[in-house]
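Undergrad: sequence and predicted structure, then a few things I'm wondering about:
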Amino acid sequence: MPYATSAPVASRQQTEIRRLLQERLHTLARAHQVPGAQLAVHTDSVTYSVHTGEADVSTGRPFTADTAVPLGSVTKCYTAAVVMLLAADGDLAPADRVALYVPELRTPQVTVRQLLSHTAGLPTGPDSDDAAALTPSRYLSAHCADRDTVCVPGTGFSYSNAGFVAAGRLIESVTGMPWQDAVRAFLLEPLGTRPAFLGDRAPERPVASGHSANPLSGRVRPVQQTLAPVEAPAGGLLASALDLVALGRDLIGHGPRPVLPQDAAEEMRRPVPGAVPGVLADAWGLGLALFQQGAAQWCGHDGNAQGTSCHLRAEPERGTVVAFTSNANSGTALWHELADDLAEITGVSVPAAPRPREAGRPLALPQCAGTYHNGTVEYRVTADAEGSLALSVSGDTPAPLVCYADLSCDLVDPASGRRVPGGCFVRDPDTGTIDRLQISGRTARRTTAA
């Protein structure tokens, strides 16, 4: 009678998987000085959800499955999904020029598709402190004109918070609703997610504080969120790992109550030509990073707010979704290590960390030295007597660059000496001169040579 025992056996297996996930999450959170974290894995039609620790070390509030965490840039997935819902309703089209709806965006040739795929050539945007008093119209007028572009729209990738400020303004223009109200009505509530936003004075659900963890002193302390209100469409949402699983399932067409039409979700997951994000991912869709793992293409996003680290991955063929949230700046390292363990525990192999390029022997590239700009951010590349390069961002301590013949480069942490994938220098296709630098997905134009 095999049918009499199959259900209990499956139940025991699921219980064991949950136990192992809980144990591993708890152990790694302690090892990485992360006060609290959540992990949710949806695979084979089963959702495993575990959590650990405290939402705020200063109060001792527990971290629960419902605790909402500042998502940082994972918010962009939600903003892009709302835009695509408007497109599905016929209120706009991805090929439309954004300036038709947002005239204060002073780059009239930029399309909705370019905006959502970071191929609009827009700068990253000003610091949150500088943007704190700006309305969306003033922000876009001041920082998103033709003079500010880092490349011709549609010809290159440059990760841009400013682009999603424009996307939020687009939503407001088309719907007549504030971005928060629109994302709540069109997406969060239909997905069953209780809304929570940065700046809520009386949130409807428990929320986590971000934390700074110092590995040398062992001290962990709460930190304040500093995102400017105008930047909310780029990073102002809070949610749990289970909420992210609900979004991920909808994005890949495996949700219990579909919100996005299938063709809209497929378009979000389709690689955009010219969207080469460097170390961030293998390709980019509309609001979604795309990761290639063998024959499988995963979609998702990574996000870091002040003292939080959140990650979403979803794979449409098997209907698998993995979501992770944490309330410490050290959460990204936890996520990378935890992702490595998921294959053994659950059978799910998930792409997590950027993959180093197989670029060959290091090479001196003194011809790349110079000053590069992305909006108000200055990237200064200096060369020593041997031609080895170092990079300083807006006057910060220079970090050595290890460069290769294909113009890619690794960043070297000055404190630990550890190499991490950094980016690449880019040649002008017409002249062959090195005229741009892409670091961590942000592209900067060369303004002066060394």
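TA: Received the coordinates, thanks. Numbering: from 1, shown residues only.

Undergrad: could you give the mean pLDDT of stretch 141-161?
TA: Averaged over stretch 141-161, pLDDT sits at 93.

Undergrad: may I have the distance across it, first residue to last?
TA: 15 Å (C-alpha to C-alpha, to the nearest Å).

Undergrad: now it: buried residues?
TA: Neighbour counts using 16 or more other C-beta atoms under 10 Å place 143-144, 148-151, 153-154, 156-161 of stretch 141-161 among the buried residues. (C-beta placed from N, C-alpha, C; glycine too.)

Undergrad: what do you get for stretch 428-441?
TA: Quick answer for stretch 428-441 (16+ other C-beta under 10 Å): 434-441.

Undergrad: one more: stretch 287-300?
TA: Using 16+ other C-beta under 10 Å as the test for burial, stretch 287-300 gives 287-291, 297-300.

Undergrad: in CSV, list those residues along with pLDDT.
TA: Converted to CSV, the buried residues of stretch 287-300 look like this (pLDDT from 0 to 100):
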residue, pLDDT
G287, 98
L288, 98
A289, 98
L290, 98
F291, 96
Q297, 96
W298, 98
C299, 98
G300, 98
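
Undergrad: and for stretch 400-411, what are the contacting residues?
TA: Under the criterion C-beta atoms under 8 Å, 6 or more residues apart in numbering, residues 356-357, 359-365, 368, 381, 388-391, 399, 412, 414, 419-427, 434, 439 lie in contact with stretch 400-411.

Undergrad: run the chain-centre distance for that stretch.
TA: In this view, stretch 400-411 has its centroid 23 Å away from the chain centroid, taken as C-alpha atoms, centre = their mean, to the nearest Å.

Undergrad: just the endpoints, please. Distance across that stretch?
TA: Span of stretch 400-411 from end to end, C-alpha to C-alpha: 6 Å.

Undergrad: report the mean per-residue pLDDT for that stretch.
TA: On average, stretch 400-411 scores 92.

Undergrad: what segments of the stretch 301-450 of the chain are strands?
TA: Taking DSSP state E, counting those that start in this stretch as the criterion, the stretch 301-450 of the chain carries its strands at 309-315, 320-326, 370-374, 377-383, 389-393, 399-403, 408-412, 419-427, 434-439, 442-449.

Undergrad: cool, the stretch 1-150 of the chain as well?
TA: 36-43, 46-56, 61-62, 69-70.

Undergrad: report the rounded mean pLDDT for the last one.
TA: Per-residue pLDDT values across strand 69-70 average out to 98.

Undergrad: next one: the second one
TA: For strand 46-56, the per-residue pLDDT values average out at 97.

Undergrad: now do the contacts for the closest residue to A228 other than its chain neighbours.
TA: Nearest-residue entry for A228: A131, 4.0 Å, with adjacent residues in sequence omitted and distances by C-beta to C-beta, 6 or more residues apart in numbering. A131 sits next to 125, 139, 228, 230-231 when contact means C-beta under 8 Å, 6+ apart.

Undergrad: 6 Å instead?
TA: 139, 228, 230 (C-beta atoms under 6 Å, 6 or more residues apart in numbering).

Undergrad: kindly report the same for C368.
TA: 381, 425, 434.

Undergrad: my read is that the last one contacts F425, right?
TA: Read it as I434. Yes - judged on C-beta atoms under 6 Å, I434 makes contact with F425 at a distance of 5.0 Å.

Undergrad: domains of this structure?
TA: Split into domains by automatic domain parsing, the chain comes to 13-355, 366-449.

Undergrad: return the most buried member of those.
TA: Mean neighbour count (mean count of other C-beta atoms under 10 Å) peaks for domain 13-355 among these, with a mean of 20.

Undergrad: center of this protein - which residue?
TA: The geometric centre of the chain, computed from its C-alpha atoms, lies nearest to D302 (C-alpha atoms, centre = their mean), at 3.2 Å.

Undergrad: save the contacts of C368 as JSON lines, and put in pLDDT too.
TA: Formatted as JSON lines, the contacts of C368 follow (pLDDT from 0 to 100):
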{"residue": "V381", "pLDDT": "97"}
{"residue": "F425", "pLDDT": "96"}
{"residue": "I434", "pLDDT": "95"}
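
Undergrad: thank you, goodbye.
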